[in-house]
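Engineer: Take a look and give me a structure for this.
(2 chains)
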Amino acid sequence: MDWNLFTSTTIYASVLALLSLGITLIYMTTKVFNFAHPRLSLVAAYAAATLMAYYAEATGAQPNLTPKESFLGSLTVPFSWEFYAIGILVSMVFGVIAALVEYYAILKPLQKRGADYLMLMIATLAYDFLLVATLFIYNTHVDVRKVLARIGVLSTKMSMASYDVTVVTGGGVFISGSFIFSVILILLLGISLYLLLFKTTLGVKMRASVENPPLAEVLGINVERVYAISWIISGLTAGLAGFLMLMAAGAGNLKPISATSPADEIVVSAFAGSIIGGVNSIFGSIAGGLLIGYVELYIPNWLAIWTGNAELFKYSKVISMLAVAITLLFAPEGLAGLLKGEKWKKLFGKKEEEG
Amino acid sequence: MNVEVLLEEIISFIGIYYILTAGLNVKAGMTGIPDFGHAMFFAVGGIVVGNLSARIAAAAAASQLNVSAWQAVKMVISNNTELMARVNEILPHMPRVSIVIILVSVIAALVLGGLLGWLASYPALRLRGDYLAIMLLAASEGTRIFAMYYKPLMGKTPTVGLTVPNAFGFTGNAGLWSTIFILILALLVYIYAERLHHSPSGRLFRAVRDDEASAEAIGKDIAKVRRDAMIIGSALAALAGVAYSFSPWIAGSSVAAISIFDRVLWTFWPWALMILGGMSSNKGAALSSVILGALLIGPIRIYKNDIAAALHVESLGIDPGNFANALEYILVAALIIIVLFVKPKGLIPEYPSRTVSRDEVKATIDKIAREKAA
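Structural biologist: Next comes the predicted model:
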């Protein structure tokens, strides 16, 4: 098995899973496909990169790329751990801010005026354009350029892949920090969402508000607050996806970050993940995103080896498009519909009871 | 900047976007099919011109290039830039071939665009609402990736693409005559769309959009209506693609997969224009194309650097060039949001269709009665 392909695919799949989860959450609560969603990640990535660079400048830290010996093997940590912690925190905060602005400034007022799904979709597109314009102006700003250049990052083609924590084990196996981070992130996210949705009162309230908003309101649940929480989770995961895009630029189909890339390229894959998960299932969307990520990179890889034609790899995105078409036309409930067993139903289904 | 060029550019821009928006209006505005894959149908026009028409031009010019017609046709893909540069030198001396190329492009685009629309109506019959929108978006992206890397379709490199045959070269002023060509197409489309709006089939489209069950109850074939709308709308989008490809001001001298499949320019902008003008409002689509054409190509594209300079953005550390580019996005986004908040029905809301007057109906009934009596 090709280990490097596996790790980079895992990172890519995790990014897609995070984005699909956000898209699904928003669709379940606000009933709109949020076209601006991947752009929230870019906003978060720029905020994180800038503040990380400021931190490095303030502490006078220089990237230290010489490996140290540790019990794992030769470990390279280019910057201090605070540096990465700042990146994660800032990307989460800015993802949430960008998401909440979208909801409170544009979508909620429009919904109050009785806009239909088309109007809302177009509004998310307009917000997307506004973010693109903001990033266009931001990423060529003199100060931003200067501060990012200080740590050797190009502001219009941002990548911090060379500053990723890496381990080369005794056996010569290469493991990157963003790979471990993405695996832990997805596991943690799955467990915490399960606990939140099925083991807390808030979770019951959330599920009730999704199932039947008017009834939930009558029973005294603050539906507005539940929606706000789902937007916060959505922004949070978009921010984390942005951080991964920054630290693992080049993994899978993730290109270096600019105002348009990689959001424009992966927006449809993220939607594919959400749709394959069944659109109305949170755990389905995580599974769908992961599935799309692996399928998109592994199938062309196998085909390329099998036919001996490396050109086939370029068509990788066609697979996720086909997956969307097949799912929508033949199995509209997606993965959530396929896994109808009792045990699975509890995890993936949307109409089960508490406990 | 040359005023004549500016005017031609504005008119071409308005014409192309009007045709594109009119096509979307038939699908999304009148029939309620949320087509987020409009760029796919637009690209058909570009492929027809870059691939099919270029082959006709090469075959016609082959004898003067000292190669057989078949070789020339094959070289259109394998040796595009060099061959087409030589063909484009010869083509201005062949007015008849040029006119044939233009006509064939228009007809082929209408036919192929309609065919693709017919194919795309398969999901449109089965899915509704936002699911359909995502489905068509995915279809458009899928074909984009395919066209970018499938060499026999759009050439070796997706960013360079195929050289457009210089079909307006024989007129001596390609810029002016391509603009006139686009203007004529746009006017024809306007007349057609206006007739469609007032015709019984236009009313049927809107009936299916507003209440499918009632339309079905009075014996209308919903599947056929949605299919017809997809075919008409997609054919018009492909026509816009031809208009775009022949315009030296908008397309330049070549069509590239990366630009003709651009979903921002050819899907989202027409959507913005349609919302701005008013869904299912043909006059609105024309008005919003004019407004956006006059606003974007005119002031923004020419004065954007002046605007950036006037605002002293460099003193804030902002790059004036990029600020100028961002202005386009900000303008479109702000326009959409303002319209959605202030005038959600658009500048010219959907207007009722002209129907036959009561007197006329009465006269016809009387006439039939008289004929029967006789």
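Engineer: Nearest residue to the closest residue to chain B within the stretch 151-300 of chain A in space, please, no chain neighbours.
Structural biologist: Nearest to chain B in the stretch 151-300 of chain A, going by Cβ to the nearest Cβ, is A:Val268, at a distance of 4.5 Å. Just so you know, the C-beta spots here come from the backbone N, C-alpha and C atoms, and that holds for glycine as well. With Cβ to Cβ, 6 or more residues apart in numbering or on different chains as the criterion, A:Val268 has its nearest non-adjacent residue at 4.5 Å, and that residue is B:Glu141.
Engineer: From what I see, the one you found and A:Tyr315 are in contact.
Structural biologist: No: between B:Glu141 and A:Tyr315 there is no contact under Cβ atoms under 8 Å: 11.9 Å.
Engineer: Which helix or which strand is home to B:Val208?
Structural biologist: For B:Val208, the host element (DSSP states H and E) is helix B:200-210.
Engineer: ugh, wrong one, A:Met92
Structural biologist: Taking DSSP H and E as the definition, one finds A:Met92 inside helix A:81-101.
Engineer: Kindly report the same for B:Pro349.
Structural biologist: Using DSSP H and E, B:Pro349 maps to neither a helix nor a strand.
Engineer: Based on its surroundings, how many neighbours for it?
Structural biologist: B:Pro349: 14 surrounding residues under other Cβ atoms under 10 Å in any protein chain shown.
Engineer: separation between it and B:Leu236?
Structural biologist: Taking Cβ to Cβ, to the nearest Å as the measure, B:Pro349 falls 22 Å from B:Leu236.
Engineer: Which residue comes closest to B:Trp118 once chain neighbours are left out?
Structural biologist: Closest residue in space to B:Trp118, ignoring its immediate chain neighbours: B:Ile231 at 5.3 Å, by Cβ to Cβ, 6+ apart.
Engineer: Name the SS class of residue 220, please.
Structural biologist: All of this is about chain A. Look at A:Gly220: counting by DSSP: H, G, I helix; E, B strand; the rest coil, its state is coil.
Engineer: oops, chain B please
Structural biologist: coil.
Engineer: What residues sit buried inside the helix holding A:Met92?
Structural biologist: For helix A:81-101, a neighbour-count test (16 or more other Cβ atoms under 10 Å in any protein chain shown) marks A:83-84, A:86-88, A:90-99, A:101 as buried.
Engineer: State the pLDDT value of residue 194.
Structural biologist: Just so you know, I chose chain A. A:Tyr194 carries a pLDDT value of 92.
Engineer: That was the other one, I meant chain B.
Structural biologist: pLDDT, B:Glu194: 93.
Engineer: list the contacts for it?
Structural biologist: Listed by Cβ atoms under 8 Å, 6 or more residues apart in numbering or on different chains, the contact partners of B:Glu194 are B:Asn282, B:Lys283.
Engineer: Tell me which helix or strand it sits in.
Structural biologist: According to DSSP H and E, B:Glu194 maps onto helix B:174-198.
Engineer: Tell me how far that helix lies from the chain's centre.
Structural biologist: How far helix B:174-198 lies from its chain's middle: 11 Å, per Cα atoms, centre = their mean, to the nearest Å.
Engineer: One more: stretch A:163-180?
Structural biologist: 22 Å.
Engineer: May I see the buried residues of it?
Structural biologist: For stretch A:163-180, using 16+ other Cβ under 10 Å, the buried residues are A:Tyr163, A:Asp164, A:Val165, A:Thr166, A:Val167, A:Ile175, A:Ser176, A:Gly177, A:Ser178, A:Phe179.
Engineer: Over to stretch A:29-39?
Structural biologist: Buried-residue list, stretch A:29-39, by 16+ other Cβ under 10 Å: A:Thr29, A:Thr30, A:Val32, A:Phe33, A:Asn34, A:Phe35, A:Ala36, A:His37, A:Pro38, A:Arg39.
Engineer: Lowest mean pLDDT among the helices and strands of chain B, which one is it?
Structural biologist: Sorting the helices and strands of chain B by mean pLDDT, DSSP states H and E puts helix B:301-310 at the bottom, at a mean of 76.
Engineer: Tell me the buried residues in the helix holding B:Glu194?
Structural biologist: Those would be B:174-175, B:177-183, B:185-186, B:189-190, B:192-194, B:196-197, for helix B:174-198 by 16+ other Cβ under 10 Å.
Engineer: same thing with stretch B:69-79?
Structural biologist: For stretch B:69-79, the buried set under the neighbour-count rule, 16+ other Cβ under 10 Å, comprises B:Ala72, B:Val73, B:Met75, B:Val76, B:Ile77.
Engineer: how about the residues of the stretch 201-350 of chain B near chain A?
Structural biologist: Residues of the stretch 201-350 of chain B that fall close to chain A, judged by Cβ under 8 Å from any Cβ of the partner chain: B:268, B:271-272, B:275, B:317-319, B:321-323, B:325-327, B:329-330, B:332-334, B:336-337, B:340-341, B:344.
Engineer: Good, we can wrap up now.
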